[in-house]
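Undergrad: 3D model of this:
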Amino acid sequence: MRTQPTCTRLLATQAHFIMLSSEFDKFSRSETLRGGCLVGHIAPDKLDWLKTRLQGVTIVYNDPEFDCQTWVLDALRFIRDDEGVEVRNTNEERIRKELALEKERWDSGEDTIENRLFAHK
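TA: Numbering: from 1, shown residues only. Below you'll find the model as predicted:
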């Protein structure tokens, strides 16, 4: 059974971050989402648990080295050993490279992650 795609994201300004979790029927309706990369899977019955668990991931303020991608990497490491979670990729270089490529896809109008994963055929 396919569930509704869920997007958890960290919105940021220079000194503030806020974690938001929302469901999309179309990722393309997001004004800020520019793609992503598949890092694993989670059982549908664990989604509420995941939203709560991600609130425990540390957000670092006033550090120019900390960004949304750093938070995602920390979150993956935080949950990767939990039951019902399959995290395939926590390699920082690989994830950052894929996200940069995904942004290029977005900028050039190519298919991004939501098209490749959730397109109805």
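
Undergrad: For the chain, spot the helix or strand the model is least confident about on average.
TA: Every helix and strand in the chain was compared by mean pLDDT, DSSP states H and E; the lowest is strand 6-12, with a mean of 57.

Undergrad: I figured Lys46 was touching Val85, is that so?
TA: Yes - between Lys46 and Val85 there is a contact under Cβ atoms under 8 Å: 6.8 Å. For the C-beta atoms, the positions are set from N, CA and C on the backbone; glycine is no exception.

Undergrad: Helices along the chain, start to end?
TA: For the chain, the helices defined by DSSP state H occupy 47-54, 68-79, 92-108, 113-118.

Undergrad: closest one to Gly36 among those?
TA: Among the helices of the chain, helix 113-118 comes nearest to Gly36, with 4.5 Å by Cβ to Cβ.

Undergrad: how far away is Phe78 from Ser108?
TA: From Phe78 across to Ser108, the span is 33 Å (Cβ to Cβ, to the nearest Å).

Undergrad: Have a look at the two and say which one is more surrounded.
TA: Phe78 (16 against 7; other Cβ atoms under 10 Å).

Undergrad: what about the nearest residue to the more buried one once chain neighbours are set aside, neighbour count?
TA: Nearest non-adjacent residue to Phe78, counting by Cβ to Cβ, 6 or more residues apart in numbering: Val57, 5.2 Å away. Counted with other Cβ under 10 Å, the neighbours of Val57 add up to 18.
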